[in-house]
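K.L.:
With the sequence up front, the predicted model follows.
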Amino acid sequence: MLIDDPQAHPEPSIPELQRWATERTASIKHQTALSEAKGAKEGATVGRAMTEAAIQKRKERKGKRVAEAAEAAASSDRPSPLLDPVKANTPSLSPSPQPETPALGAPATSASTSYTVVIPASSLSFEWYNSERCTYTTIASAKAAGIWEYPSNLHERAKCGVFRGLWEQGYFMGGGIKFGGDYLVYPGLPSQLRSPNSRLTLIRGDPLRYHSHFAASVLDSPTSALRPMEIVAHGRLGTATKKAHLLCGWDDEKQDLSYLSIEWAGFG
């Protein structure tokens, strides 16, 4: 089924646009509230954990400094300012304390907090969307309406013909650009079950279970020019990837196909 989507969007009325804007604003507020509640809950948990860890580290650092000061005082026979209660209580000239950085996970006070808001992008989310007059159930009707043009040239017709010809023989088709071709051709295995009309059914080759047998290249005509270097390249590449390269010639006048496989072989 094909839908001419641009034509399925008529000009919306003002009440429809107002209802859409109201629903969108309500959805944004709801998602923002959920994000804030989730962030506050996670931030409180992480903040408590980080605060306890910071306090423990602070105690360890303070104890280490006191021990180092005591050791230095004992070696120099001088009282340490950290151990002398008079000097310890004497105010020193030090820079003014800097404001503390909020703990990790604490609620942010900045107004630049951002949230991820999901806005439906489907055409069905619009009240004024109507596809009844723009729906086509066949390729022929879509072509008559001018919204479907493929295949529009000889090369596209050749690719469609090759795909259909190999598919009807029971092969499974995949993209072959990584192996120097247009398609990868996977084997089709005949099953032991027969359909009610007594025709042998085929099981398509699963790409996750089987390796492709061929890397297929589409030729627009059975008499298309092919350079010797291309034959060598296709043959060696196919052998290196444990595949045979399949040249598929399409006869546009007869609507017929011809196949030629290339495999690299040693000499002597």
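P.N.:
Now that the structure is in, tell me what you want to look at.
K.L.:
When you work out contacts or count neighbours from here on, use the C-alpha atoms and nothing else.
P.N.:
Will do.
K.L.:
Give me the local confidence score for Ile14.
P.N.:
The model reports Ile14 with a pLDDT of 92.
K.L.:
gap between it and Ala21?
P.N.:
11 Å (Cα to Cα, to the nearest Å).
K.L.:
more crowded one of these two?
P.N.:
For Ile14 versus Ala21, neighbours defined as other Cα atoms under 10 Å are more numerous around Ala21 (12 against 9).
K.L.:
show me where the stretch 51-200 of the chain has helices.
P.N.:
Applying DSSP state H, counting those that start in this stretch to the stretch 51-200 of the chain gives helices spanning 85-89, 139-145, 154-168.
K.L.:
Tell me which of the ones you listed sits most buried.
P.N.:
Comparing the helices of the stretch 51-200 of the chain by mean neighbour count (mean count of other Cα atoms under 10 Å), helix 154-168 ranks first with a mean of 17.
K.L.:
Could you list every helix and strand in contact with that one?
P.N.:
Using 3 or more Cα pairs under 8 Å, 6 or more residues apart in numbering; DSSP states H and E, the elements in contact with helix 154-168 are strand 172-175, strand 214-219, strand 244-251, strand 256-262.
K.L.:
okay, the angle between that helix and strand 244-251?
P.N.:
With axes from the mean of the first three to the mean of the last three Cα atoms, to 10 degrees as the basis, helix 154-168 and strand 244-251 are set at 120 degrees to each other.
K.L.:
for the record, mean pLDDT for helix 154-168?
P.N.:
92.
K.L.:
Could you tell me how far it lies from the centre of the chain?
P.N.:
29 Å (Cα atoms, centre = their mean, to the nearest Å).
K.L.:
and it with strand 256-262, angle?
P.N.:
80 degrees.
K.L.:
Distance-wise, check Arg164 relative to Gly188.
P.N.:
Remark: distance between Arg164 and Gly188 (Cα to Cα) = 14 Å.
K.L.:
ugh, wrong one, Ala40
P.N.:
The spacing between Ala40 and Gly188, counted by Cα to Cα, is 57 Å.
K.L.:
What of Ala121?
P.N.:
Distance, Ala121 to Gly188, using Cα to Cα: 40 Å.
K.L.:
quick one, which of the two is more surrounded?
P.N.:
The neighbour comparison of Ala121 against Gly188 (other Cα under 10 Å) goes to Gly188, with 17 against 8.
K.L.:
The more buried one contacts Glu168, correct?
P.N.:
No - using Cα atoms under 8 Å, Gly188 makes no contact with Glu168, being 10.2 Å away.
K.L.:
Stretch 245-262: which residues count as buried?
P.N.:
Neighbour-count burial for stretch 245-262, with 16 or more other Cα atoms under 10 Å as criterion, is recorded at 245-252, 257, 262.
K.L.:
In these, find the pair that's most separated.
P.N.:
Asp252 and Ile262 (23.2 Å; Cα to Cα).
K.L.:
need the contact list for Arg157.
P.N.:
Counting by Cα atoms under 8 Å, 6 or more residues apart in numbering, Arg157 touches 151, 252.
K.L.:
please renumber so the chain begins at 13
P.N.:
In the new numbering, first residue 13, that becomes Arg169.
K.L.:
Adding distance to Arg70 as columns, could you present the helices and strands packed on helix 166-180 in CSV?
P.N.:
Formatted as CSV, the helices and strands packed on helix 166-180 follow (distance: least, Cα to Cα, whole Å):
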stretch, distance to Arg70
strand 184-187, 61
strand 226-231, 66
strand 256-263, 70
strand 268-274, 74
